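J.: Sequence and computational prediction follow.
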Amino acid sequence: MSTAAPSPASRRAGRPSDRAKRKAIIDAATDSFFEHGFAASSIEQIAANAGVSKVTVYNHFGDKRRLFAASVDRECDKLRGHFSIAQAGEGTIRKRLTEIGQAMVAFLSRPEMIQFERRIAAETETDPEIGRAFLEAGPWRMTSAFAAFLERAVSAGELRIDDPAIAAEQFVSLCKGMGDLDRRFGAHTKAAATERRIDRAVVVFLAAYGVR
């Protein structure tokens, strides 16, 4: 009996199954990591919950740390769906900065985002690479996107900025203010106070970088 190699068509037909397995593994891993933590999660249990073998998990991800990084990246993708620099739309630079500040703070205030950050912070105490994976997938990527927005505004003659990366950090910090600590530690933040903080952040930012 011949043992001919699978045809290209048959190999393509198998790909959705591989994607489905990968998704099932990440789903199970995310549930485990954020319910029980990194150290307490085992590849064996994650594989069982995903309905695959332990070998399949290793074939897809290599080790537990890479699987955790994939889970972090997937969660960051989901959270990024609630906030995008593209939400700024059109209008004056003040209007667009205000809209970005509002969207950013609303994004950071989501209960799942707060819970997500707390879990990452707890895991980072024992494994700093976990924190780095989160920073690369989330905050650093978003700050880079905002810095690119500022560069475009400079090119359009709307702002005067020598270092867009630093300016991006400054704007984010101004918008978050003490409200970020309030959220992290469970204190209620009034909507009116948040709106005023963002409005003043935009005023201060434009005073420093606006075109006069």
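T.: Looks like it arrived, so ask away.

J.: how long is stretch 106-116 end to end?
T.: The first residue of stretch 106-116 is 15 Å away from its last residue (Cα to Cα, to the nearest Å).

J.: And stretch 117-131, by the same measure?
T.: 9 Å.

J.: quick one: buried residues of it?
T.: 117, 119-120, 123-124, 130 (16 or more other Cβ atoms under 10 Å). (C-beta placed from N, C-alpha, C; glycine too.)

J.: Could you do stretch 69-80 as well?
T.: 69-76, 79.

J.: Strands along this protein, start to end?
T.: Assigned by DSSP state E, the chain shows no strands.

J.: worst-scoring helix or strand of the protein, pLDDT-wise?
T.: helix 8-36 (a mean of 75; mean pLDDT, DSSP states H and E).

J.: which one of the buried residues of stretch 69-80 sits closest to Met178?
T.: Set against Met178, the nearest of the buried residues of stretch 69-80 by Cβ to Cβ is Leu79 (22.5 Å).

J.: Report pLDDT for the closest one.
T.: Listed pLDDT for Leu79 reads 63.

J.: What of Gly91?
T.: 89.

J.: For it, give its distance to Arg197.
T.: 21 Å (Cβ to Cβ, to the nearest Å).

J.: Give me the more crowded residue out of the two.
T.: Between Gly91 and Arg197, counting by other Cβ atoms under 10 Å, Arg197 is the more crowded of the two (18 against 11).

J.: coming back round to it: can the buried residues of stretch 69-80 go into TSV with extra columns for distance to Leu108?
T.: What follows is the buried residues of stretch 69-80, written out as TSV (distance: Cβ to Cβ, whole Å):
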residue	distance to Leu108
Ala69	22
Ala70	23
Ser71	20
Val72	17
Asp73	18
Arg74	19
Glu75	14
Cys76	13
Leu79	9
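
J.: Which ones among the residues you listed lie within helices?
T.: 69-76, 79 (DSSP state H).

J.: Lowest-confidence one in those residues?
T.: Among those, Leu79 has the weakest pLDDT, 63.

J.: so how many other residues sit close to Phe146?
T.: Phe146 - counted by other Cβ under 10 Å - has 21 other residues nearby.

J.: How much space separates the residue nearest to Thr143 when sequence neighbours are not counted from Leu97?
T.: Nearest-residue entry for Thr143: Ala168, 5.2 Å, with adjacent residues in sequence omitted and distances by Cβ to Cβ, 6 or more residues apart in numbering. According to Cβ to Cβ, Ala168 and Leu97 sit 11 Å apart.

J.: How about Phe33?
T.: If you go by Cβ to Cβ, the gap between Phe33 and Leu97 works out to 36 Å.

J.: Over to Asp31?
T.: 38 Å.

J.: Which one's more surrounded, those two?
T.: Leu97 (28 against 15).

J.: Run a quick neighbour tally on Phe116.
T.: Neighbours of Phe116 (other Cβ under 10 Å): 19.

J.: swap in Leu67?
T.: Leu67: 25 neighbours (other Cβ under 10 Å).

J.: Spell out the residue ranges of the helices in this structure.
T.: Under DSSP H, the chain gives helices at 8-36, 43-50, 54-61, 64-80, 93-109, 111-124, 128-137, 139-155, 164-184, 191-209.
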